[in-house]
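In: The following comprises the amino acid sequence and a computationally predicted model.
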Amino acid sequence: MTPQRDERFPKQARVVNQRDFDRVFRSGLVVSDGTLVVHFCRNNLPHTRLGLSVSKRVGNSPIRNLWKRLAREAFRKLQADLPVGFDLVVRPRKGASPDSLLVAQSFARLSHKIQKR
RNA sequence: CUGGGAGAUUAAUGCAAUCGCUGGGCAGCAAUGCCGAGAGGAAAGUCCGGGCUCCAUAGAGCAAGGUGGUCGAUAACGUCGACCGGUCGUAAGGCUAGGGAAAGUGCAACAGAAAGCAAACCGCUAAGCACCAGCUUAGUAAGGGUGAAACGGUGGGGUAAGAGCCCACCAGAACGCAGGGUGACUUGCGUUGCUAGGUAAACCCCACCUGGAGCAAGAACAAACAGAACGCCAUCUUGAUGAGUAGCCUAGCUGCCCAUCAAGUGGGAAGCGGCUCGCGGCCUCGUGCGUUCGGGUUGUUCGCUUGACGCCGCGGGCAACUGCGGUGCUAGAUAAAUGAUUGCAGCGCUUCGGCGAACAGAACCCGGCUUAUCAAUCUCCCAGGUCA
RNA sequence: AGUCCUGUGGCCCAGCGGCGAAGGCAACUGGUUUACACCCAGUCGAUCGACGGUUCGAGUCCGUCCAGGACUA
């Protein structure tokens, strides 16, 4: 593991606007496994951005917060290995449990799938 | 010791390391670096009350809604404290929307004779009629039966039979006098004498309270694109539907071309606009130019955290609470920070591998109420038992 | 975050505080038809979202929760 690797997570690396979310969802590109569902599309930027979509059906507020934190953590750790120039919108799969190890593995697997496309 | 009651407090179990996030301070042109800070008792439900902001507003009243023992606390409350009454409990204590039913209106299904100014079905008694069965009239409300509820209870006298009709005791009410209390109310004595059933979380009456909306309130700045009015100019204009296309960062708003339909107006070729220093000339008939107002959409900043604030001491008050002094600064995000991993120690369970540790996440801020909740700790009180 | 609304058979709904909670669709049974549909007759199906309170009596009145939905830049 390279110690100089950049694992910071600034605000530019997030999907914030409603229209960006709309574009990602309307692109129709989705990959998923038993834990996460990732919508994605190209954003014509020199970096990849992360958006989170956690509905109220997932659970109460602490549970939803936990999902978001785990997804951000996974994105932060894997940032350097991700394909460049994408918007990713992550949401938890119905029935999955918010475990940090599972989320990290799932995120790595799905990012590989995106790279293949 | 056993059982029970009341109240308070704590809150990812603690410590360390690494990688991150949010905002603040300092340094730096900047990239960035360093320092210290970063969820709750309910942050929840949104059931009440206030601050704050905008709108409205002469005053007062009506309507509508709310509250409802008394006295106090408070910025205010439907909250809190103390006390009074009722009720449950052996007790400590718990619960209590607890004003008015002699201001008025309404309601009470079924059952029952009768459901409210009393009346009389079965009865009871007397008189009359009749062979009997029974009938008529008068008296009566003790007994029966119905119901959630039927105009005091027990005993005695009295009577044709009965009845507070009379008497004694009990219970309750109204009135008067005296004592206590700021008051709700209460204690004692006397008189009247059974007189006035329930329901106001039914309408209502009485007393008191309330203007409306909410930080997505509201303020400032900015962007481009429509629209309206006026002025100059022009002649085609307006509306509906469909398809296409374009503009602003936009799933929103709007323009334009074309087609169809409907309505109105006009028979006018000059002017505006672009290229050009200007004239001329050329292009084009198309979204014409200026000022003011202003619409949806979008961004930034403020509002935004120092406050009816916390802690400590002294004083007032039974208490809720409060006066004075000292001291502290303790989240301010906006697709929304407060996290992840590892190690050590502690607790519970364990098949010795490990597993588990509640309810739950700030969104302008406070005071309450209600609901959810693991594990504990502490204080006070009551009943029963045992020992000294 | 704030402001509101609605919960009644499988579905859509009505319901002065008072019989066993009305009606339509659906389902089922029978009739009709050669058969199906229409039609006719009947049957089934409800702890009135939950828990307390007021009342003799609550789907209805009051309070507190739960669930679902709408709106506000």
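Out: Now that the structure is in, tell me what you want to look at.
In: In chain A, what residue lies closest to RNA strand B?
Out: Per Cβ to the nearest atom of the strand, residue A:22 is where chain A lies closest to RNA strand B, at 2.6 Å. Every C-beta, even on glycine, is put in place using the N, C-alpha and C of the backbone.
In: quick one: that residue is in a helix?
Out: Yes - assessed with DSSP: H, G, I helix; E, B strand; the rest coil, residue A:22 lies in a helix.
In: Now do it, the pLDDT please.
Out: Per-residue confidence (pLDDT) for residue A:22: 76.
In: and what of residue A:5?
Out: With respect to pLDDT, residue A:5 scores 51.
In: Find the nearest non-adjacent residue to the residue nearest the centre of chain A, please.
Out: Residue closest to the average C-alpha location in chain A (Cα atoms, centre = their mean): residue A:90, at 4.1 Å. Nearest residue to residue A:90 in three dimensions, chain neighbours excluded: residue A:71, at 4.9 Å (Cβ to Cβ, 6 or more residues apart in numbering).
In: can you list contacts of the one helix or strand that neighbour maps to?
Out: Secondary structure from DSSP states H and E places residue A:71 in helix A:61-78. Helix A:61-78 has contacts (Cβ atoms under 8 Å, 6 or more residues apart in numbering) with A:7-9, A:13, A:36, A:50, A:52, A:54, A:56, A:58, A:82, A:88, A:90, A:92, A:98-100, A:103-104, A:106-108, A:111.
In: repeat that with 7 Å
Out: With contact meaning Cβ atoms under 7 Å, 6 or more residues apart in numbering, helix A:61-78 is reached by A:7, A:9, A:50, A:52, A:54, A:58, A:90, A:92, A:98, A:100, A:103-104, A:107-108, A:111.
In: and residue A:102, that one's in a strand?
Out: No - counting by three-state DSSP, residue A:102 is not found in a strand; it is helix.
In: these two touch, right, it and residue A:35?
Out: Yes - with contact defined as Cβ atoms under 7 Å, residue A:102 reaches residue A:35; the gap is 5.1 Å.
In: Tell me which of the two has more neighbours.
Out: residue A:35 (21 against 17; other Cβ atoms under 10 Å).
In: Okay, the more buried one and residue A:16: tell me how far apart.
Out: The gap separating residue A:35 from residue A:16 is 24 Å, by Cβ to Cβ, to the nearest Å.
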